[in-house]
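**Student:** no sequence for this one, just the structure:
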């Protein structure tokens, strides 16, 4: 019964959308063996994340459910599943692809909007404070070289990353 | 003398002078010259890959361009930087189409990725350029009687198609380098499992659960300390212990020490020069064993 229900509700548009991303192109090879889930350190401690389930829902076209849900952000990016997948599905990369789509649609966890702002403002995701920078010579460390934040901003503007951030500010 | 462009990243200069000092001092003693280049930026690790993967490739490629211009291979300390720079370097070298696309973006910043340089983890440099036998001879204060739990973290080993440090399921490079210092590398359960570091700030609860397992398993195996490679693993396990103490009322008192710090101590660097006060869990017992 479940199979029939799944077949009826399959929406291939979403897996096509994912396949077109440079990251989600392998997910159609998934045959749901569960090697990813059994290799996943997060799936072992919480029922909120199961990589096999995320891939299944994506293949079934459950776009909104996947994109707006918490699961895609619970992947710890350890790449165990990618290493072990017998079909060589790049599961962690598919998670990035799903997060990229979620980000564009305004589903943005706070910590990620902080990363996005930090990288455009300082050229670093973790800022080096003036205090720490001034302390370097007393510790015997060479002066910190200037960060290429101007070049970085040109790159962010060329890829549209800056617009992503604007969208995020509008949403919040 | 072997020269590399040092890719320092963000977290190390911002928060871990103990890592930077020990790496600089140890590598200098071993004849590896580090060149600090201007205009480097964030490497664009998984948090940036999660926002926009293509941007992360362009940022990583931009930084590799700086090393190409200086005609130097890159050396990384942080596993996050190692992963993101390697993934971009290997990925762009493998695909002309992707390279052309990223180069269109980079042209806006006046750069072009050529694919002429390598991204190396400092452990690779220790093994390939310095050599384990040579390293053993330079050890003046062997860490005998120290039981060390080697912890690779994730991104020094995976994705293995790009990072290529060692076998992702059965690595031995860190254990060999620990033993080269006269210490004992001990085995423990689930050694290759993630520390949860990248989930901090999104789900602290899951992150702490993963860190807690690592601390419990290494304690049970009788480790004197956990040797780390990555600043995120360091935070997850060092500061993590304070959080685990307040949340679960569990005290491990397990020193977390970067491999470069053990290396510096074994090479005879004065512990006072290593900013060891950075450690939340004190490392005094490690130092007393090395003196």
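**Tutor:** Happy to help now that I have it. This structure is a prediction, so every number in the text was calculated from the model and none was measured.
**Student:** all contacts plus neighbour counts: C-alpha atoms, from now on.
**Tutor:** Fine.
**Student:** Give me the neighbour count for the residue nearest to residue B:165 when sequence neighbours are not counted.
**Tutor:** Excluding its sequence neighbours, the residue lying closest to residue B:165 (CA to CA, 6 or more residues apart in numbering or on different chains) is residue B:157, at 5.9 Å. Using other CA atoms under 10 Å in any protein chain shown, residue B:157 has 26 neighbouring residues.
**Student:** what does the one 10 residues further on give?
**Tutor:** Number of residues near residue B:167 (other CA under 10 Å) recorded here: 12.
**Student:** Relative to chain A, how far out is it?
**Tutor:** 11 Å (CA to the nearest CA, to the nearest Å).
**Student:** Now do the SS call for that residue.
**Tutor:** Secondary structure, DSSP: H, G, I helix; E, B strand; the rest coil: residue B:167 is coil.
**Student:** hang on, isn't it packed against residue B:158?
**Tutor:** No. Contact criterion CA atoms under 8 Å: residue B:167 and residue B:158 do not qualify, at 9.2 Å.
**Student:** Could you report the pLDDT at the closest residue in space to residue B:116 that isn't next to it in sequence?
**Tutor:** Leaving aside its sequence neighbours, residue B:116 sits nearest to residue B:68 (CA to CA, 6+ apart; 6.6 Å). Note for residue B:68: predicted pLDDT of 98.
**Student:** tell me the contacts of residue B:68?
**Tutor:** B:114, B:116, B:117 (CA atoms under 8 Å, 6 or more residues apart in numbering or on different chains).
**Student:** run the last query once more with 10 Å
**Tutor:** Residues near residue B:68 by CA atoms under 10 Å, 6 or more residues apart in numbering or on different chains: B:5, B:62, B:74, B:112, B:113, B:114, B:115, B:116, B:117, B:118.
**Student:** cool, residue B:251 as well?
**Tutor:** So residue B:251 contacts B:215, B:216, B:241, B:242, B:244, B:245 (CA under 10 Å, 6+ apart).
**Student:** Below-threshold pLDDT in the chain: ranges please.
**Tutor:** Here I'm looking at chain A. Where chain A drops to pLDDT under 70, the residues are A:1-11, A:22, A:165-172.
**Student:** sorry, should have said chain B
**Tutor:** B:1.
**Student:** so who does the closest residue to chain A within it touch?
**Tutor:** Nearest to chain A in chain B, going by CA to the nearest CA, is residue B:39, at a distance of 3.7 Å. The contact partners of residue B:39, taken as CA under 10 Å, 6+ apart, are A:123, A:145, A:146, A:147, A:148, A:149, A:150, A:151, A:152, B:62, B:63, B:66.
**Student:** circling back to that earlier point, now the residue nearest to residue B:116: which helix or strand?
**Tutor:** Element membership for residue B:68 (DSSP states H and E) is helix B:53-69.
**Student:** got the contact list for the helix or strand following that helix?
**Tutor:** Downstream of helix B:53-69, the next assigned helix or strand under DSSP H and E is strand B:74-76. Outside strand B:74-76, the residues that touch it by CA under 10 Å, 6+ apart are B:3-9, B:34-35, B:63-64, B:66-68, B:81-83, B:85-86, B:117-125.
**Student:** and those residues, which are buried?
**Tutor:** Buried by 16 or more other CA atoms under 10 Å in any protein chain shown: B:4-9, B:34-35, B:63-64, B:66-68, B:81-83, B:85-86, B:117-125, out of the contacts of strand B:74-76.
**Student:** isn't there a helix covering residue B:251?
**Tutor:** No. Under three-state DSSP, residue B:251 sits outside any helix and is assigned coil.
**Student:** ok, now how distant is it from residue B:202?
**Tutor:** 24 Å (CA to CA, to the nearest Å).
**Student:** Stretch B:29-36: which residues count as buried?
**Tutor:** For stretch B:29-36, a neighbour-count test (16+ other CA under 10 Å) marks B:30, B:32, B:33, B:34, B:35, B:36 as buried.
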